[in-house]
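Sequence plus predicted model, see below.
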Amino acid sequence: MSRASSSEVDGLHETQFDVRVLSRRPGADGVELFELGPVAAPTAAASGDGRQDRAGTLPGWTAGSHIDVALPDGDVRQYSLVGAPSPGRAATWTIGVLREPSGRGGSEWLHSTLLAGSLVTVAGPRNHFEFVPTHGTSSVFVAGGIGITAISSMAAAARRAGVPYQLHYAGRSRSTMALLTVLTREHGDALRVYAADEGARLDLVGLFADMPPFTTTYCCGPSRLIEATELAGAGRQVVVERFTPREVGAPVLDSSFEVELAATGVTVTVPPSRSILEVAEEAGALVLSSCREGTCGTCETVVLEGEVDHRDSILTPDEQEANDVMYVCVSRAACPRLVLDL
């Protein structure tokens with residue numbers, strides 16, 4: 001079931017491999033928490049110091065990380081890792097999955113199929129929504145619904161580092177809000193809960209008006225919450241993670257363009273109806289990919305020459321302006337020719 005797709009130094013971050021479902025438990029109405037562990041049993045390290053060797057652990061992860069979960073039909077879904085980050089090796093991972101009957105089928109498969117003892121193929125972790133605690137600055141975390149899964153690890157990292165933070169969590173009702181009990185216990189007065197059925201409303205305009213200078217806000221949740229946060233926080237430092245692709249207008253170029261694949265020495269023509277990723281793969285380039293909709297970051301590619309029409313949902317405006325990387329599953333050329341490190 002496992003298959004290698006890359007060979008990084010760590011050997012795992014871009015390689016698919018199997019993990020075992022150690023347990024599953026309800027996290028809220030419609031939400032299941034899956035605890036994942038290594039297939040191999042832990043063993044003592046050769047040094048005799050009591051540490052587990054790599055065969056009995058999982059790759060470490062940082063606040064904001066997600067993993068890819070492979071579905072039986074070959075599709076891939078991304079799920080954020082929950083709880084306190086483990087930058088070294090990790091004994092287990094936990095993901096929270098909201099069952100979405102009208103979704104694309106990934107959550108339905110996990111909820112209906114995975115039981116304790118099941119094997120599932122994953123890749124990662126990856127992090128394009130990174131939080132690094134910095135002493136002397138404060139952070140505000142805004143989560144809506146299942147977006148709390150990504151935000152929970154950031155709040156845990158801030159608490160562990162002893163830096164000032166606030167956690168604002170909005171949902172339909174307390175019964176539908178995953179992790180609420182543990183978040184209340186761990187974050188105390190730093191946590192603000194807004195349950196719609198109780199008449200509580202998150203006032204984003206007021207939140208930003210009272211926010212100290214140089215505060216960074218991290219937001220994850222439904223598109224409506226993200227858009228409202230970006231609007232209220234215009235001119236401030238706001239970092240977001242989207243579940244679904246953001247809406248973009250028409251491409252800068254409505255015609256074909258050339259892409260030189262520098263590593264292979266091949267130049268290809270990308271027509272309006274196809275992505276750079278598709279054409280590059282046909283030309284024999286090895287491009288790691290997953291979501292193919294500009295949300296996961298797997299296909300990040302270094303830009304050597306040319307201007308990019310960024311159409312992803314990952315890069316901030318400043319990162320887009322830098323023009324040094326692009327996501328070839330959705331982004332295109334804003335000029336007649338690009339040179340990419342492929």
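Noted; the coordinates are in hand. Numbers count the residues shown, from 1 in each chain.

Report the buried residues of stretch 317-333.
For stretch 317-333, the neighbour count (16 or more other Cβ atoms under 10 Å) marks Gln320, Val325, Met326, Tyr327, Val328, Cys329, Val330, Ser331, Arg332, Ala333 as buried. Any C-beta I mention is one placed from the backbone N, CA and C, and that applies to glycine too.

Gly188: which of those is nearest?
Proximity of the buried residues of stretch 317-333 to Gly188 was ranked by Cβ to Cβ; the top entry is Gln320 with 37.9 Å.

Make sure I have this right: that closest one is in a helix.
Yes - assessed by DSSP: H, G, I helix; E, B strand; the rest coil, Gln320 belongs to a helix.

contacting residues around it?
Val308, His310 (Cβ atoms under 8 Å, 6 or more residues apart in numbering).

Now do Ser6, the pLDDT please.
Ser6 is assigned 31 on the pLDDT scale.

Over to the one 10 residues further on?
According to the predicted model, the pLDDT of Gln16 comes to 88.

now swap in Thr176 and tell me
97.

partners of Thr216 in the sheet?
Using DSSP bridges, the bridge partners assigned to Thr216 are Ser139, Gln237.

I'd say it and Gln237 touch.
Yes - counting by Cβ atoms under 8 Å, Thr216 touches Gln237, with 4.4 Å between them.

Mind checking which of those two has more residues around it?
Ranked by neighbour count (other Cβ atoms under 10 Å), Thr216 and Gln237 place Thr216 first, with 19 against 16.

Show the contacting residues for that one.
Thr216 sits in contact with Thr137, Ser139, Val140, Gln237, Val238, Val239, where contact means Cβ under 8 Å, 6+ apart.

same thing but at 10 Å, please
By Cβ atoms under 10 Å, 6 or more residues apart in numbering, the contact set of Thr216 is 131-132, 134, 137-141, 165, 233, 236-239.

ok, so what distance separates it from His66?
To His66, Thr216 is 20 Å away according to Cβ to Cβ, to the nearest Å.

The lengthiest strand in the chain pairs with which strands?
Of all the segments of type strand in the chain, defined by DSSP state E, the longest one is strand 17-28. If you go by DSSP bridges, strand 17-28 pairs up with strand 31-38 (antiparallel), strand 119-126 (antiparallel).

Distance to Arg89, mean pLDDT and mean neighbour count added to the ones you listed, as JSON lines?
Shown next, in JSON lines, are the strands paired with strand 17-28 (distance: least, Cβ to Cβ, whole Å; pLDDT from 0 to 100; neighbours: other Cβ atoms under 10 Å):
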{"stretch": "strand 31-38", "distance to Arg89": "10", "mean pLDDT": "97", "mean neighbour count": "21"}
{"stretch": "strand 119-126", "distance to Arg89": "12", "mean pLDDT": "94", "mean neighbour count": "20"}
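
List the buried residues in stretch 97-115.
Val97, Leu98, Gly106, Ser107, Trp109, Leu110, His111, Leu114.

ok, so of the residues you listed, who is nearest Leu204?
Among these, and counting by Cβ to Cβ, the member closest to Leu204 is Leu98, at 22.5 Å.

do you know how far the closest residue to the closest one other than its chain neighbours is from Ser80?
Of all residues not flanking Leu98 in the chain, Ile146 sits nearest, at 4.1 Å (Cβ to Cβ, 6 or more residues apart in numbering). To Ser80, Ile146 is 9 Å away according to Cβ to Cβ.

Name the residues contacting each of the two.
Common neighbours of Ile146 and Ser80 (Cβ under 10 Å, 6+ apart) are Gly96, Cys220, Phe243.

Where do the domain boundaries of this structure fall?
For the chain, automatic domain parsing gives the domain ranges 17-125, 139-242, 257-340.

Ends of the last one, what's the gap?
To tie it back to what came earlier, the one meant is domain 257-340. Domain 257-340 has an end-to-end distance of 13 Å (Cα to Cα, to the nearest Å).

what do you get for the longest one?
Separation of the first and last residues of domain 17-125 by Cα to Cα is 12 Å.

How about stretch 102-122?
23 Å.
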